[in-house]
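In: Below is the structure, and that's it, no one-letter string:
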C-alpha cells in the first residue's frame, strides 16, 4: 500500500502520456527528501520494471532520475536495485534508450548524464554495486561513455571510475589494473582526457581519479605514453618534430597534475599572455613538468611523506640539478641584464653570450626552473654541495634580478643587499676562487658592478672577507700577510677586470673611488717592501695583490680617455685632495732606482750623490709595481693643472723623469714614464721652466754603451750629451 500523501507509481506502462509525466514529476519531488525516499523505496522494483529501451524519452529521463534519487542513502532501495537487476536495466536504456528518438541506437546525451549519475550512486554504495557496474559496463560500455564529448558526463564518469577502482580493497585493486592495462581499459582514460581537454572542464573528479592513478599507484608513465604521437612526415623540419613530439593531451594531463599538487579546487582568472598553457604541447609539457617537480620537492612536505628520501634524493641522483643548471646556463640573460649587456662596447667577449639562441619558451620558465632548484636545495646539504660542485652558485646569483618575463623573480633592489644575502655572495666569491684560473664568465662581474660600483656596497662586502685573527707570537711579516685575505684580493681583481675591460661604462661615484684609495693606503702600510717580487699580479700574497689591484683600479678610474660625462675630473680632484699624489710620490721616492739606473750607479764614482739613493731598503713587491704607480700619476695629471702644480711643489718632476727608462722588472715603464712627463709639462710653463733648468753634472757610461765601443760625453759648447768612440 502506498504511503498517505504520495502517489503510487504506475507499473503497467500504459495510460495517458501526460498523466504519467505528471505522476513522475510528483514522485520526483517526493524523492528529493529523506522521508519521501524512505516511503518510496519499496516501490523501486516496480519503477525498474518500467525502464526499457522503448520507453518514450519524455518518460525515460524522469524515471531514471527517480531511480537515481531512490538509491541515495536507503539500504532497502539499494538492495532492491541489485536484486531486481537494476544495473542491466540502466545499461539497456543508456545504450539505445529513448524509443523512436534513438532508432539508430546512439547514446543520448541527456540519458547518459542521468544514467551516469545513477551509476555513481550505485558505485558509491559499496563493493556489490561496483562489481555489478564493472561486470556490465566494462569495457565497451565505459569506452562508449568516455567518447561522449560532454564535460558534465565526463566528470560523472570519472566519479564512477574512481569509486570502482581507487581504494585498497582487493576488488578495487583488480579493477584498477584492468583500467590501466594497455590492451584493456587504458583507452577509456584516454577518451576521458580528450573530452576534458576539448572543453572548459572545471570538475574535480578527474583530478581525484588522476591523483590515485598517477601519484598513488604510479601508472603515470603508462598513461602519459598512451598520448604519445610520433606520426609526422619526412618533409617536416626540426621545429615541426619538436612540437609533435608531445601532444596536447599530454600537456593537459601534466597541467591537471600540477593543479592537484598545488591544491587548487577551482581555476581562477589568470593572464594567459605567453604563460601556461601556451597552446604548444611541447612547451606546456615542459612547463607543467617543472611546476609538478616544484611542488613535489617543496620543503614543507611532512616527514612522513618521505619527500627527502623518495623524491628529492632520487631526483638529484638521477641528474635533476645537472639538467636544471644546464637549462639556466643556456638561456639568454634576464631582461634587466640583457639591457645592461646591450650597452657594452664589446658584447662578443661575454662567455655567457647574450646572443645565445635559447630564449624562455613561456612566460615564467626561468622562475619555474629556479623554484625547483630552490625547493630541492632547502635544508639538503647533498643538493647544496652538488650545486657548488657544478659551479652553480654564481649562476643562481644571476637570478637575483627583477625580470618582466618571469614574474615573482628576486627583487634585487629591495632584498639583495641584506646581510644574509651578503653571506650568499661571499660564498659565491669563495666558490669562484676555487676555480679562478678557469673562470672566464661575465655574470659575477655584472653582479659585482651593480653591488660595488653602482650601489656603493664595496666597503661592506670587502669587510665581510676581512680577517685580522693572529696570535701574539706572530711576527710582523705574518701580520702583514694576514691583514688582507685571498678573497679580498680576488674581489679587487674582478673589479679591476670590470673597469679595465670596458665592461662597466656607467657613472662612477667619488665614494667608490675614495673607498679604493682607502684600501690602497691600508695596503701600502702593511706590504713588505724588503723582498723583491718576481711575478706579476696575482702574486699569491693577499696584501701585495690588494695593493696592486687597488693601483690598477685607480689607474682606470682616472684614465684621461673617460668621457666628460663620467665625472673623471671630479674623481681626480677628490683623490688628489685626499692625498693620492703625496702617497704615490712617497712610494716612488722610497723605492730603489729602476734596474738600468741601478747598474749604471753601481759603476759610478759618486753613488752617494744620487737623488734616488740605491741604499734604499724598499723594492718592488711585484713585477710591474713601479709602472702602475707611474700610470696612476700619469692619468691623474692629464689636463689637470692642479695636479701638475702639486707634483712640482712636491719636487716630483725629477723623480718622474727618472722613470723614463727601460726596466725589466716593470714592463712598459718607459712608455708610461714618458707619457706622464708629457702630461706633466703640457700647458704648464712653470713645470717646463723647471725641466729646462736641469743640468747634466757628468756623463756616466753604461755597460751596454761600453760594449759597443762608445762612451758618453758632454759637448762643452752646447751642454748636450753625445756619443763618441772610445
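Out: Noted; the coordinates are in hand. Please read these numbers as outputs of a predicted model, since none were measured by experiment.
In: From here on, just use CA atoms for contacts and neighbour counts.
Out: Will do.
In: How about the contacts made by residue 201?
Out: Residue 201 makes contact with residue 151, according to C-alpha atoms under 8 Å, 6 or more residues apart in numbering.
In: Check the burial of residue 682 by counting its neighbours.
Out: For residue 682, the neighbour count with other C-alpha atoms under 10 Å is 17.
In: shaky segments in the stretch 1-150 of the chain?
Out: 1-16, 97-107 (pLDDT under 70).
In: could you pull out the helices for it?
Out: 17-30, 34-40, 44-50, 57-71, 75-83, 86-94, 109-124, 127-137, 140-146 (DSSP state H, counting those that start in this stretch).
In: Can you add distance to residue 694 and mean neighbour count and give these back as JSON lines?
Out: Formatted as JSON lines, these follow (distance: least, C-alpha to C-alpha, whole Å; neighbours: other C-alpha atoms under 10 Å):
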{"stretch": "helix 17-30", "distance to residue 694": "122", "mean neighbour count": "16"}
{"stretch": "helix 34-40", "distance to residue 694": "120", "mean neighbour count": "18"}
{"stretch": "helix 44-50", "distance to residue 694": "127", "mean neighbour count": "19"}
{"stretch": "helix 57-71", "distance to residue 694": "118", "mean neighbour count": "23"}
{"stretch": "helix 75-83", "distance to residue 694": "122", "mean neighbour count": "18"}
{"stretch": "helix 86-94", "distance to residue 694": "117", "mean neighbour count": "22"}
{"stretch": "helix 109-124", "distance to residue 694": "111", "mean neighbour count": "23"}
{"stretch": "helix 127-137", "distance to residue 694": "114", "mean neighbour count": "18"}
{"stretch": "helix 140-146", "distance to residue 694": "105", "mean neighbour count": "19"}
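In: got a markdown table for the ones you listed, with distance to residue 635 too?
Out: Listed next are those as a markdown table, based on distance: least, C-alpha to C-alpha, whole Å:
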| stretch | distance to residue 635 |
| --- | --- |
| helix 17-30 | 98 |
| helix 34-40 | 96 |
| helix 44-50 | 103 |
| helix 57-71 | 93 |
| helix 75-83 | 98 |
| helix 86-94 | 93 |
| helix 109-124 | 86 |
| helix 127-137 | 90 |
| helix 140-146 | 81 |
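In: roughly how far apart are residue 573 and residue 642?
Out: For residue 573, the distance to residue 642 equals 8 Å [C-alpha to C-alpha, to the nearest Å].
In: So the two - more neighbours on which side?
Out: Of the pair residue 573 and residue 642, residue 573 is the one with more neighbours under other C-alpha under 10 Å, namely 17 against 13.
In: Can you find the helix or strand in this protein with the smallest mean pLDDT?
Out: Within the chain, no helix or strand scores below helix 412-415, which has a mean of 32 by mean pLDDT, DSSP states H and E.
In: Ok, which of the helices of the stretch 1-150 of the chain comes nearest residue 667?
Out: Across the helices of the stretch 1-150 of the chain, residue 667 has its closest neighbour in helix 140-146 (82.7 Å, C-alpha to C-alpha).
In: now for that closest one, which elements pack on it?
Out: If contacts are counted by 3 or more C-alpha pairs under 8 Å, 6 or more residues apart in numbering; DSSP states H and E, helix 140-146 sits against helix 151-165, helix 186-198.
In: okay, the ones you listed, which one's buried deepest?
Out: Highest mean neighbour count among these (mean count of other C-alpha atoms under 10 Å): helix 151-165, with a mean of 24.
In: quick one: it to chain centroid distance?
Out: Distance of helix 151-165 from the chain centroid (C-alpha atoms, centre = their mean, to the nearest Å) equals 40 Å.
In: Likewise for stretch 395-407?
Out: On C-alpha atoms, centre = their mean, the centre of stretch 395-407 falls 6 Å from that of its chain.
In: Could I get the average pLDDT for that stretch?
Out: The average pLDDT within stretch 395-407 is 72.
In: and if you look at stretch 662-677?
Out: The model assigns stretch 662-677 a mean pLDDT of 93.
In: got the buried residues for it?
Out: The neighbour-count criterion (16 or more other C-alpha atoms under 10 Å) identifies 662-663, 665-670, 672-677 as the buried residues of stretch 662-677.
In: do stretch 539-557 as well
Out: 539, 541-557.
In: Next step: the residues you listed restricted to helices.
Out: 542-557 (DSSP state H).
In: List the neighbours of the stretch of helix or strand residue 677 belongs to that are in contact with it.
Out: Per DSSP states H and E, residue 677 falls inside helix 669-681. With contact meaning C-alpha under 8 Å, 6+ apart, helix 669-681 is reached by 626-627, 630-631, 633-635, 637-639, 644, 653, 656-657, 659-663, 687-688.
In: next structured bit after that helix?
Out: helix 685-692.
In: Check the offset of that next one from the chain's centre.
Out: For helix 685-692, the distance to the chain centre is 61 Å (C-alpha atoms, centre = their mean).
In: And it, what does it pack against?
Out: So helix 685-692, by 3+ C-alpha pairs under 8 Å, 6+ apart, packs with helix 641-649, helix 653-657, helix 669-681.
In: Now distance to residue 395 too, for those, in TSV please.
Out: TSV is the format used below for the helices and strands packed on helix 685-692 (distance: least, C-alpha to C-alpha, whole Å):
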stretch	distance to residue 395
helix 641-649	44
helix 653-657	46
helix 669-681	39
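In: out of the contacts of helix 669-681, which are inside helices?
Out: Short answer: the contacts of helix 669-681 in helices (DSSP H) are 626-627, 630-631, 633-635, 637, 644, 653, 656-657, 687-688.
In: Which one of those residues is nearest to residue 362?
Out: residue 635 (49.2 Å).
In: got a list of what that closest one touches?
Out: 555, 558, 559, 560, 676.
In: Minimum pLDDT in those residues, which residue is that?
Out: residue 560 (51).
In: Could you list the domains of this protein?
Out: 501-694, 698-726 (automatic domain parsing).
In: Next one: residue 190, what pLDDT does it get?
Out: pLDDT, residue 190: 90.
In: and the gap between it and residue 120?
Out: Taking C-alpha to C-alpha, one finds residue 190 at 20 Å from residue 120.
In: do the same with residue 317
Out: 43 Å.
In: How about residue 654?
Out: Distance from residue 654 to residue 120, by C-alpha to C-alpha: 103 Å.
In: didn't residue 453 look like it was pressed against residue 512?
Out: Yes. Assessed by C-alpha atoms under 8 Å, residue 453 is found in contact with residue 512 at 6.3 Å.
In: what ranges of the stretch 451-600 of the chain fall below the confidence cut-off?
Out: 467-482, 501-503, 560-569, 600.
In: same thing but 80
Out: 455-456, 464-483, 501-506, 560-569, 596-600 (pLDDT under 80).
In: All set, thanks.
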